[in-house]
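1. please find the sequence and the predicted model below.
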Amino acid sequence: MLGILAYEKEKGAMALTLGALWHTVPIRNK
């Protein structure tokens, strides 16, 4: 259970980071 929780947390953090990076980069690939 703890492993899944940690995995979900890390996944959320990575998605957040990727989203921030994507919004920071001016070039957007479709």
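-> Looks like it arrived, so ask away.

2. can we go C-alpha only for contacts and neighbour counts from here?
-> Will do.

3. per-residue pLDDT of the residue nearest the centre of the chain, please?
-> Within the chain, one residue has its C-alpha closest to the average C-alpha position: by Cα atoms, centre = their mean, that is residue 15, at 1.3 Å. Listed pLDDT for residue 15 reads 91.

4. now do the buried residues in the host helix or strand of it.
-> According to DSSP states H and E, residue 15 maps onto helix 2-24. Along helix 2-24, no position meets the burial threshold by neighbour count (16 or more other Cα atoms under 10 Å).

5. name the helices or strands packed onto it?
-> Under the contact definition 3 or more Cα pairs under 8 Å, 6 or more residues apart in numbering; DSSP states H and E, helix 2-24 sits against no other helix or strand.

6. tell me the mean pLDDT for stretch 19-30?
-> Computed over stretch 19-30, the average pLDDT equals 74.

7. use 680 as the first number from now on
-> With 680 as the first residue, the last one maps to stretch 698-709.

8. having no further points to raise, I will conclude here.
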